[in-house]
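**Q** below are the sequence and a predicted model; questions follow.
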Amino acid sequence: MKSTLEEQQAFVTVVDSGSITDAAERLGMTVSGVSRTLNRLEQKLGATLLRRTTRRLELTEEGETFLGHCRHILTAVEEAEEAMLDRHNQPQGKLRINAAPSFMQFVIVPVIGEFRARYPGITLELDTHDRFVDLLEQRVDLAIRIGKLEDSSLHARLLGYSPLRLLASPAYLKRHGTPQSIDDLQKHSLLGFSQLDHLNRWPLCLADGKPLRITPTLAASSGSTLLELAIAGEGIVCLADFMTITSHHNGTLVDVLPDCTEMQTQAVNAVYYRQTTLSQRTRLFMEFLVERLPGKYLQG
């Protein structure tokens, strides 16, 4: 007896979710329903796909092999359905977008209403992670990546660049004084990242020609948190313009050491899996970002 697409989808969702309970929620099924579907699938295949314990699920060797085939089949079915919709010029279906929380909050969310009004048939699923995710495993259609790209399995479309700058609140500078040189920063509260250490390299050049790498006085895992700390007067921060443009323009945050700051930018790319056919809805969203982001949120 052959397995069904529903059984394959349930299996893939369990693997991606990490638990039968989470998979049931994503699939709109009961936990017992998902368990029965997995058992039925294993009986049809005559193989154990997942080792189940009280704490975790672990793929067997047979499960690893079958998972790859399932992903290929489900992607092919989705692309076939998308091709039929394309013929009628009616963009529909789910579009999964992944981005860093700060980029999602400050750039994507403000423009998402316009995209939804333009394409009401597309259902958006917005996913955020501070670290890069595997697009294939998470079934992400399009991801926004900030900084250097290293994954050769991805196609990239450059959306623009976002400059870095040092900022602090007027209240903080009134209490602690405004730094006049890079050395003065040693006397100040420096806000930095706790997990993404490469973001603690600030665009300031030391006497030996090396960039300044700070040890944060106060650290946080997300740029959004660091922005709020800076606004609250907790110290000096270095962030990309796409996050701080509003606070900078309204004077909530002001430049620190602008004459010492080197012009450094972060590239912002829309990326998708190289071996995946670009769907109409993915292409439309990418073109929308290219149209809307340069100028207000990004430099060309």
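**A** Cool, got the structure. Source: prediction; values computed, not measured.
**Q** okay, now the unreliable bits of the stretch 1-150 of the chain?
**A** 1, 54, 83, 85-89, 130-138 (pLDDT under 70).
**Q** for the residue nearest the centre of the chain, what are phi and psi?
**A** Geometric centre of the chain, nearest residue: Ala99, 2.0 Å, by C-alpha atoms, centre = their mean. Backbone torsions of Ala99, given as degrees, to the nearest 10, read phi -160, psi 160.
**Q** what about the closest residue to it other than its chain neighbours, how many neighbours?
**A** Nearest non-adjacent residue to Ala99, counting by C-beta to C-beta, 6 or more residues apart in numbering: Ile144, 3.9 Å away. For every residue, glycine as well, the C-beta is placed using N, CA and C. Residues contacting Ile144 under the criterion other C-beta atoms under 10 Å number 20.
**Q** can you pull the contacts of Ile144?
**A** 97-100, 103-104, 108, 159, 268-271, 289 (C-beta atoms under 8 Å, 6 or more residues apart in numbering).
**Q** between those, which is closest to Thr53?
**A** For the contacts of Ile144, the minimum distance to Thr53 (C-beta to C-beta) is 29.4 Å, reached by Asn98.
**Q** quickly list what the closest one is bridged to.
**A** When bridges are called by DSSP bridges, Asn98 pairs up with Asp127, Ala143.
**Q** was I right to think Glu42 contacts Arg52?
**A** No. Counting by C-beta atoms under 8 Å, Glu42 stays clear of Arg52, with 10.8 Å between them.
**Q** can you list the buried residues in stretch 120-130?
**A** Neighbour-count burial for stretch 120-130 flags 122, 124, 128 (criterion: 16 or more other C-beta atoms under 10 Å).
**Q** turn these into a markdown table, including distance to Ala80.
**A** Output for the buried residues of stretch 120-130, formatted as a markdown table (distance: C-beta to C-beta, whole Å):
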| residue | distance to Ala80 |
| --- | --- |
| Ile122 | 18 |
| Leu124 | 22 |
| Thr128 | 30 |
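**Q** looking at the residues you listed, which is nearest Ala220?
**A** Thr128 (15.4 Å).
**Q** what sits against the residue lying closest to that closest one once chain neighbours are set aside?
**A** Distance criterion C-beta to C-beta, 6+ apart; nearest residue to Thr128, sequence neighbours excluded, is Pro101 at 4.3 Å. Residues in contact with Pro101, defined by C-beta under 8 Å, 6+ apart, are 128-130, 222-224.
**Q** hmm, back to that, so how far is Leu278 from the residue nearest to the centre of the chain?
**A** 18 Å (C-beta to C-beta, to the nearest Å).
**Q** what are the boundaries of the strands in this structure?
**A** 50-52, 57-59, 93-99, 122-128, 142-146, 154-168, 190-193, 201-205, 211-213, 218-220, 236-240, 254-255, 265-273 (DSSP state E).
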